[in-house]
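Participant: Quick one, what's the 3D model for this:
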Amino acid sequence: MRRTPGRRALLLLWALLCPTAWAGTDLPTITLIIDDMGNRRAWGEAALEIPGAVTYSFLPHTPHAERLARLAHGQGKGVMLHLPMESAEGNRLGPGGLTLHQTEEEFRHTLATALEAVPHVQGVNNHMGSLLTRHPGAMGWLMQGLREHGPLFFIDSRTTARSQARAVALEYAVPSAGRNVFLDNQRDPEAILAQFQRLVRIARSEGHAIGIGHPYPETSQVLRQVIERLPELGVRLVSAAEMVQLQQRRPPWQPPSYPLLKVVKSSKP
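Facilitator: Numbering: from 1, shown residues only. The predicted structure is shown next:
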């Protein structure tokens, strides 16, 4: 039976992360993206109850993507397309997937129909893609498509360190950003909480950070608890669209003068 984070664990989070004071109002920012939306109705509906400017990314042609995307948009949430891309491991893509074996015409048609399958899309991030994102040619076709159907932004889920996606996005003047932390590779509340701590520390150090999770019940529960306390942590939650805009125009970040606190050694990685 999976545990839920109790009051003691949350108090530890605040003690570790809360600054004694913040100078000025230009808080570091975090973005939270919930991937893989659209397959499970109950999980998706529960994820939409997470408060604040959370962004939801929907797999194309899934049973509940259209309805849940409309609900998310109606709540003022950000909506993205979670676009399947070929992986180096050869994992099954599902409908709407992009591969290296497609012709340019097939690639563009697949992208267009995937975008049409999810209403209110503001941007795209990759589902898998550890092979496709390495190839500048394929990424060029993608960025051309985002410009033609946009303006749309791109967030690199960074499933490989060899990704060329952001470099190509820059060449095509497509606004882009990259994932910093996966929140729930382990579906354990304490592990998710530790990853959230890591996300906040990166934001404090760099000025901004993007975390990606999934509509697991454990993830939704942890995020519902911690988001309400973000002002105490000295960070601000913004949508993926706003994060991309901030990164485009923000000057180099000056970290706060106080030392950054570290997570206790007993915290899970």
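Participant: and the helix or strand where residue 232 lies, what does it pack onto?
Facilitator: Take DSSP states H and E as the rule and residue 232 turns out to sit in helix 230-233. Counting contacts by 3 or more CB pairs under 8 Å, 6 or more residues apart in numbering; DSSP states H and E, helix 230-233 is packed against helix 7-17. Heads up, the C-betas are built off the backbone N, CA and C, glycines and all.
Participant: Give me the average confidence score over the helix it packs on.
Facilitator: Per-residue pLDDT values over helix 7-17 give a mean of 53.
Participant: Name the next helix or strand downstream of it, please.
Facilitator: Going down the chain from helix 7-17, the next helix or strand is strand 29-37, by DSSP H and E.
Participant: partner strands of that following strand, parallel or antiparallel?
Facilitator: Its sheet considered, strand 29-37 pairs with strand 55-58 (parallel), strand 208-213 (parallel), strand 236-237 (parallel) by DSSP bridges.
Participant: got the contact list for the next helix or strand after that strand?
Facilitator: Proceeding N to C from strand 29-37, the next assigned helix or strand is helix 41-47, under DSSP H and E. Helix 41-47 is contacted by residues 34, 37-38, 54, 56, 63-64, 68, 71, 215-217, 219-220 when judged by CB atoms under 8 Å, 6 or more residues apart in numbering.
Participant: mind listing what's buried in helix 41-47?
Facilitator: For helix 41-47, the neighbour count (16 or more other CB atoms under 10 Å) marks 43-44, 46-47 as buried.
Participant: The strand or helix carrying residue 112: what's the following helix or strand?
Facilitator: Using DSSP H and E, residue 112 sits in helix 104-117. Per DSSP H and E, the first helix or strand lying C-terminal to helix 104-117 is strand 123-128.
Participant: So which elements touch the lengthiest helix in the chain?
Facilitator: Secondary structure of the chain per DSSP state H: the longest helix is helix 189-206. The helices and strands touching helix 189-206, judged by 3+ CB pairs under 8 Å, 6+ apart, are helix 7-17, strand 29-37, strand 181-182, strand 208-213, helix 217-227.
Participant: Just the buried residues of that helix, please?
Facilitator: For helix 189-206, a neighbour-count test (16+ other CB under 10 Å) marks 189-204 as buried.
Participant: same thing with stretch 114-121?
Facilitator: Applying 16+ other CB under 10 Å to stretch 114-121 flags 114-115, 117-118, 121 as buried.
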